[in-house]
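> No sequence on hand, only this structure:
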């Protein structure tokens with residue numbers, strides 16, 4: 001797209017920073033304030049994504065970079081936009097040119113068109129000062145004579161702490177925020193759940209008004225079975241599922257959530273990895289699994305993980321066992337467990353380190369609680385890190401003696417620490433600390449860059465579903481709302497009356513329409529394509545519109561472009577690669593054999609608009625240039641030379657969406673576009689000598 005970019009820059013100067021530091025007399029001095037320059041932005045062809053690039057300079061080691069969007073030429077930046085990704089977004093962005101951010105405008109602002117979009121990029125560096133932890137109380141929370149593995153969670157009102165009792169049961173008791181008991185202890189898991197096997201380990205989280213616990217059995221020492229349970233706030237069981245069966249080791253497992261899903265981590269040495277991660281929804285339905293901790297990210301178990309701002313943070317030991325571990329690593333993954341930041345040493349101690357089970361976040365800092373020493377039981381250590389680059393802020397021993405397994409939560413400005421004390425016997429403890437900042441004023445330096453105006457169109461070609469659904473030979477104009485999965489079609493056999501339906505759940509977020517006549521009965525079959533998986537779902541009219549999923553074809557970056565490429569009167573599923581112009585089809589006349597043509601036609605800024613343009617019943621590959629409104633065809637059967645028609649319909653470019661179809665019923669595809677901002681359709685009807693016709697088509 002041709003876009004005129006304008007830039008503004010505002011940064012705090014070094015003199016201001018130095019003066020502020022002198023007045024405060026504390027903190028870590030900031031270097032040159034970060035600067036954001038060379039900001040560019042453009043919508044990606046064929047997608048509802050906006051690519052943003054910029055240069056970050058300054059003496060800072062890393063910044064937190066945020067983005068905000070204006071739809072009124074920069075007057076206000078109040079659009080609710082959260083779907084940003086890329087190496088130039090979020091925490092720990094280091095200086096350099098070509099920093100990239102991708103804004104998923106379709107997710108945040110679907111169904112819009114504007115020439116007044118501006119983007120603001122802000123890079124912030126903050127000096128990070130030590131925290132002061134003040135012990136308020138430390139109480140025994142044994143449930144029975146002895147208990148182990150105390151794990152606190154916050155249920156929105158109280159602290160609920162789970163422990164394993166001498167009777168090999170898991171019990172939970174609630175305490176108010178001052179650690180006064182609330183109600184009685186409740187047993188939530190017993191050997192009745194494990195066919196008589198002793199319960200040996202567990203983890204506990206609270207999410208969306210429910211408790212979730214995962215627990216193992218002792219087995220021969222390495223466990224072998226894992227169960228995941230769900231309880232309401234009154235500690236009444238809602239459900240239980242078995243995660244693994246006869247797959248040791250299962251002790252020292254993980255359990256964490258992202259606000260929607262639950263993740264159970266099983267130590268996975270048999271897979272030459274640290275963990276196999278099992279993903280469940282809130283109703284304990286299994287979703288999928290992942291493998292983490294391979295190759296350059298290898299680590300041991302007896303570790304901790306948490307979710308924050310779209311990423312999973314792991315803190316893990318190099319080894320597990322007395323007198324063998326000297327290192328803790330930090331690893332960052334996205335929500336599909338792709339590596340965001342590779343393994344990095346955050347703590348090293350030649351006097352040895354034990355297990356690490358407590359990880360919390362507080363005001364720009366990660367707080368790690370761990371076992372500090374070479375024995376089975378050790379003193380408790382606390383390390384605090386800057387959340388941007390994980391630089392160490394403080395590290396200290398907070399509890400002496402022989403202890404095990406620290407678990408923490410933070411509620412408001414208080415930290416609650418659960419752990420097991422060994423001396424004598426085993427006892428569960430729960431400590432409360434208040435947290436204060438020293439000083440409470442954080443020193444920041446911010447660089448801001450702007451770019452605009454940017455043309456953003458999230459109406460999208462994917463919203464068009466014009467096809468001959470009623471079998472009269474005339475294409476029926478239609479649109480599709482991806483957000484709701486609603487189809488709206490004006491049927492020609494009913495004098496273009498409006499038909500509205502969700503088609504029993506065909507489509508929805510992530511699915512784009514690919515309707516065509518796949519069964520050869522002269523009626524278009526409603527169909528959708530999921531780009532992330534390559535899944536095709538169709539409702540064949542000859543089968544009374546029974547849902548089918550016949551093909552996996554496609555991947556991210558590919559648009560669906562079905563058409564009758566082999567001339568057998570059946571549409572062939574096909575895809576078009578938007579950046580290079582590659583085409584691939586499954587030909588129905590050849591038992592759906594795959595045919596690929598790399599770099600055939602199109603590429604960046606082009607939409608695929610294949611159709612029968614030359615009366616031989618074979619679909620011709622064709623593209624529409626969204627920047628100019630030009631059309632280009634490869635007419636069958638020779639597919640050479642390419643035919644170019646400059647601004648074919650007299651209108652086009654980013655303000656129009658291509659909607660070609662056979663609107664006049666003569667068997668030829670009619671070039672057509674629809675206004676992105678209204679209901680204007682411009683069509684060149686082939687049976688009328690391709691005279692331009694402008695009509696208004698509403699779907700309200």
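Ah, there it is. Being a predicted model, the structure only gives us computed values, none of them experimental.
> Just give the nearest non-adjacent residue to residue 107, would you?
Spatial nearest neighbour of residue 107, excluding adjacent residues (CB to CB, 6 or more residues apart in numbering): residue 83 at 4.3 Å. To be clear about C-beta, it is placed using only N, CA and C from the backbone, and glycine gets the same treatment.
> Could you list the domains of the chain?
For the chain, the domain assignment from automatic domain parsing gives the residue ranges 9-127+444-456, 131-437, 459-696.
> Need those in a markdown table (columns: mean neighbour count).
Below are the domains of the chain laid out as a markdown table (neighbours: other CB atoms under 10 Å):
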| stretch | mean neighbour count |
| --- | --- |
| domain 9-127+444-456 | 19 |
| domain 131-437 | 18 |
| domain 459-696 | 18 |
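> hang on, residue 334 packs against residue 310?
Yes: under the criterion of CB atoms under 8 Å, residue 334 makes contact with residue 310 at 6.8 Å.
> Go ahead and flag the most central residue of the protein.
With distances taken as CA atoms, centre = their mean, residue 335 lies nearest the centre of the chain, 5.5 Å away.
> Distance of that one relative to residue 273?
Residue 335 sits 18 Å away from residue 273, going by CB to CB, to the nearest Å.
> which residues in the stretch 201-350 of the chain form strands?
210-217, 226-231, 237-244, 254-257, 262-267, 275-280, 286-292, 304-308, 311-317, 327-334, 339-348 (DSSP state E, counting those that start in this stretch).
> brain fart, the stretch 51-200 of the chain
Under DSSP E, counting those that start in this stretch, the stretch 51-200 of the chain gives strands at 63-70, 84-85, 90-93, 96-104, 113-126, 131-140, 147-154, 159-165, 170-175, 181-189, 199-207.
> closest to residue 691 out of those strands?
Among the strands of the stretch 51-200 of the chain, the nearest to residue 691 by CB to CB is strand 113-126 (27.3 Å).
> show me what contacts the residue nearest to the centre of the chain?
Contact partners of residue 335, counting by CB atoms under 8 Å, 6 or more residues apart in numbering, are 258, 310, 311, 312.
> Switch these over to TSV; also include pLDDT and distance to residue 586.
Shown next, in TSV, are these (pLDDT from 0 to 100; distance: CB to CB, whole Å):
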residue	pLDDT	distance to residue 586
258	95	36
310	90	36
311	94	37
312	97	37
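> need the least confident one among the strands of the stretch 51-200 of the chain, by mean pLDDT.
Per-stretch mean pLDDT for the strands of the stretch 51-200 of the chain is lowest at strand 90-93 (a mean of 79).
> What helices and strands are in contact with that strand?
The contact analysis (3 or more CB pairs under 8 Å, 6 or more residues apart in numbering; DSSP states H and E) places strand 90-93 against strand 63-70.
> Wait, residue 84 touches residue 68, no?
No: using CB under 8 Å, residue 84 is not in contact with residue 68, being 9.6 Å away.
> Quick check: next helix or strand after the longest strand along the chain?
Determined from DSSP state E, the single longest strand within the chain is strand 392-411. For strand 392-411, the following helix or strand on the C-terminal side (DSSP states H and E) is strand 414-422.
> Direction included, what does that next one pair against?
strand 392-411 (antiparallel), strand 426-437 (antiparallel) (DSSP bridges).
> Now render these as JSON lines, adding distance to residue 200 and mean pLDDT.
Shown next, in JSON lines, are the strands paired with strand 414-422 (distance: least, CB to CB, whole Å; pLDDT from 0 to 100):
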{"stretch": "strand 392-411", "distance to residue 200": "13", "mean pLDDT": "95"}
{"stretch": "strand 426-437", "distance to residue 200": "13", "mean pLDDT": "95"}
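> Could you save these as TSV and add columns showing distance to residue 239?
Putting the strands paired with strand 414-422 into TSV (distance: least, CB to CB, whole Å) gives the following:
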stretch	distance to residue 239
strand 392-411	23
strand 426-437	26
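> Just tell me which of those strands ends up closest to residue 541.
strand 392-411 (56.1 Å).
> Centre of the chain to that closest one, how far?
32 Å (CA atoms, centre = their mean, to the nearest Å).
> do the same with stretch 580-599
So, by CA atoms, centre = their mean, the centroid of stretch 580-599 is 31 Å from its chain's centroid.
> which outside residues touch that stretch?
518, 551, 553, 558, 561, 565-568, 570-577, 600-603, 606, 608, 621, 623.
> related to what we said a few turns ago, right, so of the strands of the stretch 51-200 of the chain, which gets closest to residue 39?
strand 113-126 (5.8 Å).
> pLDDT at residue 12, what is it?
27.
> do residue 516 as well
97.
> Same question for the one 4 residues further on.
Turning to residue 520, the model gives it a pLDDT of 97.
> just the one 10 residues further on next, same as before
Looking at residue 530, its pLDDT is 92.
> from what I can see it touches residue 507, true?
No: Residue 530 is beyond contact range of residue 507, at 9.4 Å (criterion: CB under 8 Å).
> Just checking, which helix or strand of the chain averages the lowest pLDDT?
strand 9-11 (a mean of 27; mean pLDDT, DSSP states H and E).
> host element of residue 599?
Using DSSP H and E, no helix or strand contains residue 599.
> Return the distance of it relative to residue 605.
15 Å.
> cool, and residue 379?
62 Å.
> Tell me if residue 545 really is in a strand.
No: Residue 545: not assigned to a strand; according to DSSP: H, G, I helix; E, B strand; the rest coil it is coil.
> what sits against it?
Here residue 545 is in contact with 503, 525, 526, 539 (CB under 8 Å, 6+ apart).
> The last one reaches residue 547, doesn't it?
What that stands for is residue 539. Yes: using CB under 8 Å, residue 539 is in contact with residue 547, at 5.9 Å.
> any residues in contact with both of these two?
residue 506.
> wait, what's in contact with residue 475?
466, 467, 468, 492, 661, 662, 663, 670.
> The last one against residue 684, yeah?
Same thing as residue 670. Yes: when contacts are counted by CB under 8 Å, residue 670 is listed as touching residue 684 (5.9 Å).
> ok, and the closest non-adjacent residue to residue 88?
residue 99 is the one closest to residue 88 (CB to CB, 6+ apart), at 3.1 Å.
> who's residue 65 bridged to?
residue 90, residue 123.
> For residue 334, see how far away it is.
For residue 65 relative to residue 334 (CB to CB), the value is 16 Å.
> same thing with residue 64?
Noted for residue 64: a distance of 17 Å to residue 334, by CB to CB.
> related to what we said a few turns ago, filter the contacts of stretch 580-599 down to just the ones in strands.
Short answer: the contacts of stretch 580-599 in strands (DSSP E) are 551, 558, 574, 575, 576, 577, 606, 608, 623.
> Need these in JSON lines (columns: pLDDT and distance to residue 292).
Output for those, formatted as JSON lines (pLDDT from 0 to 100; distance: CB to CB, whole Å):
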{"residue": "551", "pLDDT": "94", "distance to residue 292": "31"}
{"residue": "558", "pLDDT": "89", "distance to residue 292": "28"}
{"residue": "574", "pLDDT": "97", "distance to residue 292": "36"}
{"residue": "575", "pLDDT": "96", "distance to residue 292": "31"}
{"residue": "576", "pLDDT": "94", "distance to residue 292": "34"}
{"residue": "577", "pLDDT": "89", "distance to residue 292": "30"}
{"residue": "606", "pLDDT": "87", "distance to residue 292": "39"}
{"residue": "608", "pLDDT": "93", "distance to residue 292": "37"}
{"residue": "623", "pLDDT": "94", "distance to residue 292": "41"}
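> And the furthest pair within those residues?
551 and 606 (24.0 Å).
> measure stretch 503-511 end to end?
13 Å (CA to CA, to the nearest Å).
> Which of the three states applies to residue 520?
Going by three-state DSSP: residue 520 is coil.
> Setting aside sequence neighbours, what's the nearest residue to it?
residue 570 (4.3 Å).
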